[in-house]
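Colleague: what follows is a predicted structure for the sequence shown.
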Amino acid sequence: MNSFKDIAYQILKEVAKPLHSKEITKIALQRGWLKTAGKTPEATMNTQLIVDINSKKEKSRFVKIDPSVFGLSDNFKKTNNISESKGNKIILTNEQKGKIKKYYTQYQNWLKTDEGNKNLEDHLKHSNFISNKLAKDKIDNLTEEDFRGIYKNLWASNIWSNKDWYIDNKLLKPNGFEKIKVEFKKLLFGEDSIDVRYDNFISNIKGFGASSLTEILNFVFPDKYCLWNDKPITVLPVLGLNIFLPDRLFKYSLHLGSDYVKCNEVLGLIKSELELMGFKSPNYIDVDCVVWYIFLEITSKKEKVATVKEDKLNNPKGAIGAIFEPSEEIKTHEQAEFYLLKTGESLGYLTYTVDSPKLFNNTKLGDVAILKDIPDFAGQRDKNSAREIDVIWFDEGENPKFCLEVEHTTDITKGLNRLLQLQHFNVTFVIVSSEDKRSKFEIEMNKFPYRKLKDRYRFISYDELLELYGSVLKFRELKDKLLD
């Protein structure tokens, strides 16, 4: 398989959906299928597919969906969901298999260390505790105290500094314990397929994210279901297995049961490879242990090479340590709000946004925010003022701690004035914008009425926001590893 068209055909058959010619080329290069001395292989790919369609008409294997976006003709489509398969199994390249083997060999040595042994013991301890509490013959007798213990033991719950507060206010209060118990029984032991059960639980119960939900599924049914959190999100691209999953799963939360099925299938590739390498009857807990090790290897290497950027203004309060280099640019108002919401959530705050209906990459910002409305922290007038602010981070007592305004195309003074309406509260005000607006911010800080509150205002550039987000994720990992 050495022609551009044959390669495109194979890839489109695997992903079972139309792709841009750049994405087709990217996958081909990652797999080592495409050998070319040309400087613009994506342009060659695009041209050859267009020529094939124009010359062969209805006999072409390809159809053009949009500019530079191609799919397979109905006459050449396959029914398999992810890739060309043998025995309904995804075919891994030798490179992908080699990476899994390399890390698995290192993992076996790691298990002989105190750290590796403790990690395995922690996984087994979690599994025994949760699977025992949620066993089919015990779930009807589950008590509120049992439920509280289960949630507190989840690794996903470590985001909250006060777990009892979250359980009381964000799980029990909006759902009711009996409803939670009923829905968990349906999720774990219902007769519908797992994608349907997953979707139903997400629709019927508030407060559970993908990390906590898949952690429970994994520990109750380790032979059937995987754990999906920041570990596989970080590790699968390193192994080259991310190409079998939608890009959105590596940027946003897992919302759909159908996507969870795909996650199980792809992580199942690692499980199959472990068995081929001599691991006797591995399950998804074993897979998570291996993924956990790879995650630690990746992040420790990044930490060693990371450098702290010098603050352009030599202001210690504004300096942000760059543990991860920004992986993308912030190009829209909604994108900045998305990262503010995710960062606030990761720091343990209750997040709110005025722009709930707006979308970033087909995800409503309201679905990212934890709060759907402003809490009762003040009178109606102040609450109405707060509702107009782009993003607010509330503490566990539902008091505002950070009010953040994104100034993308509007005049920076408009954001400053909106924040000023809450000056009588103990709140830090933050303007988030492109770096070229920092000088304007500093000029305004020396004017009335802002100069009297100058020590409460902050400016964060888009690049610094991305760095902050990456640093927060790293902090959570270190906290789990060293303190919990």
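Modeller: Arrived safely. Residues are numbered from 1 along each chain as shown.
Colleague: and whatever helix or strand L473 lives in, average pLDDT?
Modeller: Here L473, judged by DSSP states H and E, is contained in helix 462-482. Averaged across helix 462-482, the pLDDT comes to 82.
Colleague: list the buried residues in that helix.
Modeller: 462-474, 476-477 (16 or more other CB atoms under 10 Å). (C-beta placed from N, C-alpha, C; glycine too.)
Colleague: cool, stretch 221-237 as well?
Modeller: 221-222, 225-229, 231-236.
Colleague: what's it in contact with?
Modeller: 127, 155-156, 188, 194, 210-211, 214-215, 217-218, 242, 245, 249-250, 254, 260, 263-264, 266-268, 283-285, 287-288, 291-292, 294-295, 298-299, 473, 476-477 (CB atoms under 8 Å, 6 or more residues apart in numbering).
Colleague: just the buried residues of those.
Modeller: Buried among these by 16+ other CB under 10 Å: 127, 155-156, 188, 194, 210-211, 214-215, 217-218, 242, 245, 249, 254, 260, 263-264, 266-268, 283-285, 287-288, 291-292, 294-295, 298-299, 473, 476-477.
Colleague: give the contact list for E273.
Modeller: Under the criterion of CB under 8 Å, 6+ apart, the neighbours of E273 are L92, K97, I100, K101, Y104.
Colleague: one more time with 7 Å, if that's ok
Modeller: Neighbouring residues of E273 by CB atoms under 7 Å, 6 or more residues apart in numbering: K97, I100.
Colleague: then the one 10 residues further on?
Modeller: The contact partners of N283, taken as CB under 7 Å, 6+ apart, are P222, D223.
Colleague: tell me the phi and psi of it?
Modeller: phi -120, psi -170 (degrees, to the nearest 10).
Colleague: could you do T410 as well?
Modeller: Main-chain torsions, T410, degrees, to the nearest 10: phi -90, psi 170.
Colleague: can you check H20 too?
Modeller: phi -70, psi 150.
Colleague: what is it paired to in the beta sheet?
Modeller: V69 (DSSP bridges).
Colleague: could you tell me the per-residue confidence at it?
Modeller: Listed pLDDT for H20 reads 90.
Colleague: pretty sure it contacts V69?
Modeller: Yes: between H20 and V69 a contact is recorded at 5.2 Å, counting by CB atoms under 7 Å.
Colleague: before we move on, back to that, I'd like the buried residues of stretch 221-237 laid out as CSV, including distance to E14 and secondary structure.
Modeller: Compiled in CSV, these are given as follows (distance: CB to CB, whole Å; DSSP: H, G, I helix; E, B strand; the rest coil):
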residue, distance to E14, secondary structure
F221, 28, coil
P222, 28, coil
Y225, 24, coil
C226, 20, coil
L227, 25, coil
W228, 21, coil
N229, 26, coil
K231, 25, helix
P232, 20, helix
I233, 21, helix
T234, 23, helix
V235, 21, helix
L236, 16, helix
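Colleague: for D382, state which of the residues you listed is nearest.
Modeller: N229 (37.0 Å; CB to CB).
Colleague: how near is that closest one to I91?
Modeller: The gap separating N229 from I91 is 27 Å, by CB to CB, to the nearest Å.
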